[in-house]
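*Asks:* The following block contains a protein sequence and its predicted model.
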Amino acid sequence: MSILRTLLAAAVLAVALPAAVAQAHHGWRWTEGINTEMTGTVVATRLGNPHGEVTLDVNGERWTVEVGQPWRNERAGLTPEKLAEGAVITVIGEKSADPAEKVVKAERVVIDGADHVLYPERD
């Protein structure tokens, strides 16, 4: 009976753990929960799955900006050309709740006056 319990516990963990990890990564719980705005210069861009990342120089500090999944970026009009190195962008989003992490999850990105809304339901 002990082996059966062990197998059952392992099966429950095998199903539950990936879902919890996905929720932690793709949710908003890791953020402060309040919007912030920052403007900086794009240093590097990596668009793709599970979500894109833009490295931004903001007053000499390097920030990682999480943008959307490829379909979300396309819907918002964010392209590699618009996020090219040297572009000046403004990000409106939520910073990591851990102040040691220089990470912000973008809700909107403003480039040359154009508003690219990634999460319209969050505005």
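*Replies:* Okay, I see it.

*Asks:* now the strands: where do they sit in the protein?
*Replies:* For the chain, strands defined by DSSP state E occupy the ranges 31-46, 53-58, 61-66, 88-96, 103-111, 114-117.

*Asks:* residue contacts, Val67?
*Replies:* 47, 51-54, 73, 78, 83, 106, 109, 118 (C-beta atoms under 8 Å, 6 or more residues apart in numbering). For every residue, glycine as well, the C-beta is placed using N, CA and C.

*Asks:* buried subset of the residues you listed?
*Replies:* 47, 51-52, 54, 73, 78, 83, 106, 109, 118 (16 or more other C-beta atoms under 10 Å).

*Asks:* Now render those as TSV, adding distance to Thr31 and pLDDT.
*Replies:* What follows is the buried ones among the contacts of Val67, written out as TSV (distance: C-beta to C-beta, whole Å; pLDDT from 0 to 100):
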residue	distance to Thr31	pLDDT
Leu47	21	93
His51	14	92
Gly52	17	95
Val54	16	98
Asn73	19	95
Leu78	20	95
Leu83	21	96
Ala106	11	94
Val109	16	98
Leu118	14	95
